[in-house]
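1. Sequence and predicted structure below; questions after.
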Amino acid sequence: MNEEDFSAPVVARALIRGRGEAVLATLMAEGGGPYASLVLVACGHDLSPVMLISTLAEHTRNIQADARISLLYDGTAGLEDRLTGPRLTLTGRAERTEDADLARRYLAHHPAAAGYAGFADFAYYRMVVERAHLVAGFGRIHWLSWQDIVAGAATPAPLAAAEEEIIAHMNADHADALPLYAAMAAGREAPAGADWRMVGIDCEGFDLLAGAQRLRLSFDKPIGNADDARKALVAMLKRARQMPEGGT
């Protein structure tokens, strides 16, 4: 991304929407010192991060004593010099939630979690974000408010309401298109035999999952409803079919 195209809020949103894990920092219930742990994350259509964590975990006990947290999203994997890649720290507080849509989106992105999501000692926590610090390489360091990040980027209600139907339709009726999307996202031929599934769609793009492999593709422009999604997916599939073998 050159300087003309660089947008700190866009990069921040891509990390929040595209990463399936983050480092959670809490304050120790005893002593108040910092404590960091790896957690699985997803986000709502308003971009709010959500976690499913056990009440037996140290970080959950810390949250129950002091709700202030940070989440670090790391987008540097695979780079020769990882310090040139993007990473985002969110600061705010965690609050327990029983929002069914947040739970649905989390389980779509982390299907293995369905095996324990119903246990009494597990609960969903939503992060109420206050500020964000983005480091997107040398010289690209920005403090952002949450309003800066989400401005104009929350998924419109018609598209959010249609998400489950769109995903089901793509996975059932257009499964042959998903490896092509995956190859387009990866910039190379998709791994043979990978069972790619669409797991999420929002106004800026959609998410694919195959086992532990996670890919995200961005739309050329924001979409707002199911018809917009159909048109954007068809246009992207045409480009994917024309992509030279082995690259973009």
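-> Structure's in. What do you need?

2. Tell me where this structure is predicted with low confidence.
-> Along the chain, segments meeting pLDDT under 70 span 1-4, 188-193, 245-248.

3. So in it, which strand runs the longest?
-> Ranked by residue count, the top strand of the chain under DSSP state E comes out as strand 122-135.

4. domain ranges for the protein?
-> The chain breaks down into these domains under automatic domain parsing: 8-150, 157-242.

5. Mean neighbour count added to the ones you listed, as TSV?
-> From N, CA and C alone the C-beta is placed, and that goes for glycine too. TSV is the format used below for the domains of the chain (neighbours: other C-beta atoms under 10 Å):
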stretch	mean neighbour count
domain 8-150	17
domain 157-242	17
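
6. could I have the longest strand of the chain exported to PDB, CA atoms only?
-> Only the C-alpha atoms of strand 122-135 are listed here, as PDB (Å, rounded to 0.1, in the frame of the first residue of the first chain):
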ATOM      1  CA  PHE A 122     -17.700 -20.000  29.700                       C
ATOM      2  CA  ALA A 123     -19.100 -16.600  28.800                       C
ATOM      3  CA  TYR A 124     -18.900 -14.100  26.000                       C
ATOM      4  CA  TYR A 125     -17.200 -10.800  26.600                       C
ATOM      5  CA  ARG A 126     -17.500  -7.800  24.400                       C
ATOM      6  CA  MET A 127     -14.800  -5.100  24.400                       C
ATOM      7  CA  VAL A 128     -16.000  -1.500  24.600                       C
ATOM      8  CA  VAL A 129     -13.100   0.200  22.800                       C
ATOM      9  CA  GLU A 130     -12.000   3.700  23.700                       C
ATOM     10  CA  ARG A 131      -8.700   4.200  21.800                       C
ATOM     11  CA  ALA A 132      -6.500   2.400  19.400                       C
ATOM     12  CA  HIS A 133      -2.800   2.600  18.600                       C
ATOM     13  CA  LEU A 134      -1.800   1.400  15.100                       C
ATOM     14  CA  VAL A 135       1.800   0.700  14.000                       C
END
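
7. who does it touch, helix- and strand-wise?
-> Applying 3 or more C-beta pairs under 8 Å, 6 or more residues apart in numbering; DSSP states H and E, we find strand 122-135 packed against helix 8-18, strand 49-54, helix 58-65, strand 87-97, helix 100-109, strand 141-145, helix 146-150.

8. quick one: residue 122 and residue 55 touch, right?
-> Yes - Residue 122 lies in contact with residue 55 (C-beta atoms under 8 Å); the separation is 7.3 Å.

9. before we move on, the earlier item: of the helices and strands packed on strand 122-135, which is nearest residue 166?
-> When these are compared by C-beta to C-beta, helix 100-109 sits nearest residue 166, at 11.9 Å.

10. So for residue 203, which of the helices and strands packed on strand 122-135 sits nearest?
-> Residue 203 sits nearest to helix 8-18 of all the helices and strands packed on strand 122-135, at 10.1 Å, using C-beta to C-beta.
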